[in-house]
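>>> what follows is a predicted protein model with its sequence.
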Amino acid sequence: MSLSPHFSLFIGTAGWSYPDWEGAVYPARCSGADKLRAVAECLDCVEVDSSFYRPPTARVTANWARLTSDRPQFRFLAKAWQRFTHQRDTTWSPAERDLFLDGLAPLRERLDALLFQFPWSFRNEPRNLDWLARIAEQFAGWPVAVEVRHDSWTPEFFRERQLIYCNVDQPQLSHCLGPTEIATSATGYFRLHGRNAKNWFREETVYGARYDYLYAENELDELLARMRRVAAKTQRTFAVFNNHKDAKAFANALQLKVRAQPEVVTRAPAALLATFPKLRGAVAAAGAEQLPLV
C-alpha cells in the first residue's frame, strides 16, 4: 500500500467472515483462509472480531499471519475478549489474561491495537475508571485501545494513560457519545458503526439489523475530514467499518479508500460491483465480473 507520508490512514472492516458476504466479497462456501485473503487483497487492515467471543489459539493466529505474509503492510487489530469488557462482576485472573495474550502472540508484530470495546452502559464513574486503570496496568506493553459509547466520557484519562482513544460513529441518541476527532497516543482509531437509530438499542432479533446502514458519500466526506485531522497528529490512523450487514462495511471501506488514497489503485471483489454499482469506474475489479445474461 502506497500512502502519503503526511497522511497514514489504514482502512478496513470489523471482521471478515459473515454469511451475507458470501457471493459478494468472496464465493459461497469458500474456506476461512480464502475469506481472509479476499479482504487482505483489497483493504489495508482488518479487526479480528472472533477474539471478543473466545480467546484465539496461537495456531490460528499464526495461520492468519502466514496467509497474509505476501502483504506485509496489511495490519491487524483485535477486539479484546468479552471477559475483560462485559463480564465485570469479578476481575479476570492472570491465567485468563495469559490465555488471551498467548493466543495473539504470533500476530504481535503486525497488531496495531488491542481494542477493549465497552457497551453504552459503561459510564465515567470511579469503579469503571478503576477497571480501565487495571487494564492499562495488566496489558502494559500491548497497544491498548478503548472504545466507550456513553457521553459521560472525556479524553483526559486516556491521554494520561497513553491509551489509544477510539473515535466512534454511532446514532445520535440519548447520551450517545457524539462525533469526535481525538488522538491520545501515536495511533488514531475510528470505528464506524453506522447510523441506524431505529435498531441501535433494540434487541438483535434480526441478524445484523443494528449495523444495517450504508454511509452516503457526503457522510464519508465528513468522516474523512475528521480522520485527516487525527492523522495529522498521529503516526498511523485506522478507520474500521462495522456496518457489516450485506457487506455494506466493505463497500464503504472501498469508497473511503478511493477518497483517501487517490494515487493508489483500489481493488474490489468483482461480485461486489453488482451489489454496489456506484463502485464501478472508481475501483478495479479483482477477478472477472459476472456480466448479465441479457
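Perfect, thanks for sending it.
>>> which residues of the stretch 51-200 of the chain fall in strands?
75-79, 111-117, 144-147, 164-169, 187-192 (DSSP state E, counting those that start in this stretch).
>>> Three-state assignment for the residue minimising distance to the centre of the chain, please.
Nearest residue to the geometric centre of the chain (Cα atoms, centre = their mean): residue 240, 3.3 Å. Under the three-state scheme (DSSP: H, G, I helix; E, B strand; the rest coil), residue 240 adopts strand.
>>> any idea how far it is from residue 102?
Noted for residue 240: a distance of 24 Å to residue 102, by Cβ to Cβ, to the nearest Å. Backbone N, C-alpha and C define where each C-beta goes, glycine included.
>>> make a markdown table from the strands of the stretch 51-200 of the chain and add distance to residue 248 to it.
Below are the strands of the stretch 51-200 of the chain laid out as a markdown table (distance: least, Cβ to Cβ, whole Å):
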| stretch | distance to residue 248 |
| --- | --- |
| strand 75-79 | 19 |
| strand 111-117 | 20 |
| strand 144-147 | 20 |
| strand 164-169 | 13 |
| strand 187-192 | 10 |
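>>> among the ones you listed, which comes closest to residue 181?
Among those, the nearest to residue 181 by Cβ to Cβ is strand 164-169 (6.3 Å).
>>> between the closest one and strand 187-192, how many degrees?
Calculated by axes from the mean of the first three to the mean of the last three Cα atoms, to 10 degrees, strand 164-169 forms an angle of 30 degrees with strand 187-192.
>>> only C-alpha atoms, please: export strand 164-169 in PDB.
Below are the C-alpha coordinates for strand 164-169, written out as PDB (Å, rounded to 0.1, in the frame of the first residue of the first chain):
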ATOM      1  CA  ILE A 164      -5.500   4.700  22.200                       C
ATOM      2  CA  TYR A 165      -8.800   6.600  22.100                       C
ATOM      3  CA  CYS A 166     -11.300   5.100  19.700                       C
ATOM      4  CA  ASN A 167     -13.500   7.700  18.000                       C
ATOM      5  CA  VAL A 168     -16.900   6.100  17.400                       C
ATOM      6  CA  ASP A 169     -19.500   7.000  14.800                       C
END
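>>> packing partners of it?
Packing contacts for strand 164-169, counted by 3 or more Cβ pairs under 8 Å, 6 or more residues apart in numbering; DSSP states H and E, involve strand 111-117, strand 144-147, helix 156-161, strand 187-192, helix 217-231.
>>> can you mark which positions in the longest one are buried?
Translated: helix 217-231. 219-220, 223-224, 226-227, 230-231 (16 or more other Cβ atoms under 10 Å).
>>> format those as CSV; extra columns: pLDDT and distance to residue 66.
Output for the buried residues of helix 217-231, formatted as CSV (pLDDT from 0 to 100; distance: Cβ to Cβ, whole Å):
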residue, pLDDT, distance to residue 66
219, 98, 37
220, 98, 33
223, 98, 33
224, 98, 33
226, 97, 35
227, 98, 31
230, 97, 32
231, 97, 30
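>>> redo those residues as TSV? Include distance to residue 249.
Output for the buried residues of helix 217-231, formatted as TSV (distance: Cβ to Cβ, whole Å):
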residue	distance to residue 249
219	14
220	12
223	13
224	16
226	18
227	16
230	20
231	20
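>>> now render the helices and strands packed on strand 164-169 as JSON lines, adding distance to residue 135.
Below are the helices and strands packed on strand 164-169 laid out as JSON lines (distance: least, Cβ to Cβ, whole Å):
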{"stretch": "strand 111-117", "distance to residue 135": "6"}
{"stretch": "strand 144-147", "distance to residue 135": "6"}
{"stretch": "helix 156-161", "distance to residue 135": "9"}
{"stretch": "strand 187-192", "distance to residue 135": "16"}
{"stretch": "helix 217-231", "distance to residue 135": "22"}
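>>> so the residue nearest to the centre of the chain makes contact with residue 43?
No - between residue 240 and residue 43 no contact is recorded; they are 9.8 Å apart, counting by Cβ atoms under 8 Å.
>>> who touches both of those two?
Residues touching both residue 240 and residue 43 (Cβ atoms under 8 Å, 6 or more residues apart in numbering) are 12-13.
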